[in-house]
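Q: Requesting a structural model of the entry that follows:
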Amino acid sequence: MEPDNQSEKPAARETPGSGRTPGLAGTRITGLIHTLNHGRHLGRALDSLRVCDEVIVVDHGSTDDTASVAREHGARVLRASAEAHRGTYTQQARHDWVLCLLPEESLAETLEASLLEWRLAAREEGVTAFNAGLREQHGGGWRLLPAETRLVNRKQIRWSGVLPEPQFQAETLQGYILRIYDEP
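A: Alright, predicted model coming up:
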């Protein structure tokens, strides 16, 4: 779980060209993406995380340009450790709320708008997670998948995989995560 030797840059929201909105009030969010040779489509995922104040990309030994693409988009790159559970990297986040994406996913504009509203809204005490709907590119169209837990309070929920464990009772935010598999 060591920082990449070039990751000690300003927070993503302070990085010119990151697309993030400096000074947005409300609850702060860290975006988290685990990667392994996803340089070809990582930029789309990172571009969609404008609502996040910080983005962390955990690289699991990529041999392509994944790390440089992440840095170009203002993300902080961490080198994965074989001994660490993937959920452990939330400890590196500067903010309690963590939004998890896969590298082949991006936020639809409606989900981005929901997250912007969520940041400013008052929350009930004890809320630990939120779900998001998924739409997956399938052939020439899209198919709806069940909602998944993607926005979590890192101090209250722990997990060992790439994504948080399902929180079926959690509220589902409006909008979708779009999963797009690029053709080779």
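Q: can you confirm Q91 is in a helix?
A: Yes - applying DSSP: H, G, I helix; E, B strand; the rest coil, one finds Q91 inside a helix.
Q: So which bits of the top helix by length along the chain are buried?
A: Secondary structure of the chain per DSSP state H: the longest helix is helix 109-120. Applying a neighbour-count criterion of 16 or more other C-beta atoms under 10 Å, one finds 111-112, 114-115, 118-119 buried in helix 109-120. Heads up, the C-betas are built off the backbone N, CA and C, glycines and all.
Q: if we look at it, which residues are touching it?
A: With contact meaning C-beta atoms under 8 Å, 6 or more residues apart in numbering, helix 109-120 is reached by 24-29, 48, 50-51, 99, 107, 130, 132-133, 151, 173-177.
Q: Show me the shaky parts of this structure.
A: Within the chain, the ranges that satisfy pLDDT under 70 run 1-25, 182-184.
Q: how about the lengthiest strand in the chain: buried residues?
A: The strand spanning the most residues in the chain, taking DSSP state E as the definition, is strand 141-153. For strand 141-153, burial by neighbour count (16+ other C-beta under 10 Å) applies to 147-153.
Q: Just the closest of these to G87, please.
A: V152 (9.4 Å; C-beta to C-beta).
Q: Only C-alpha atoms, please: export stretch 134-152 in PDB.
A: Taking Å, rounded to 0.1, in the frame of the first residue of the first chain, the C-alpha atoms of stretch 134-152 are listed here in PDB:
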ATOM      1  CA  LEU A 134     -26.200   0.000 -13.100                       C
ATOM      2  CA  ARG A 135     -26.600   0.000 -16.900                       C
ATOM      3  CA  GLU A 136     -24.300  -2.200 -18.900                       C
ATOM      4  CA  GLN A 137     -23.500  -1.900 -22.500                       C
ATOM      5  CA  HIS A 138     -24.700  -5.200 -24.100                       C
ATOM      6  CA  GLY A 139     -24.200  -5.700 -27.800                       C
ATOM      7  CA  GLY A 140     -25.800  -2.700 -29.500                       C
ATOM      8  CA  GLY A 141     -27.900  -1.700 -26.500                       C
ATOM      9  CA  TRP A 142     -28.000  -1.400 -22.700                       C
ATOM     10  CA  ARG A 143     -29.300  -3.700 -20.000                       C
ATOM     11  CA  LEU A 144     -30.300  -2.800 -16.500                       C
ATOM     12  CA  LEU A 145     -28.500  -4.600 -13.700                       C
ATOM     13  CA  PRO A 146     -29.400  -4.600 -10.000                       C
ATOM     14  CA  ALA A 147     -28.300  -1.600  -8.000                       C
ATOM     15  CA  GLU A 148     -25.000  -2.000  -6.100                       C
ATOM     16  CA  THR A 149     -23.500  -0.400  -3.000                       C
ATOM     17  CA  ARG A 150     -21.000   2.200  -4.300                       C
ATOM     18  CA  LEU A 151     -21.000   5.200  -1.900                       C
ATOM     19  CA  VAL A 152     -20.000   4.200   1.600                       C
END
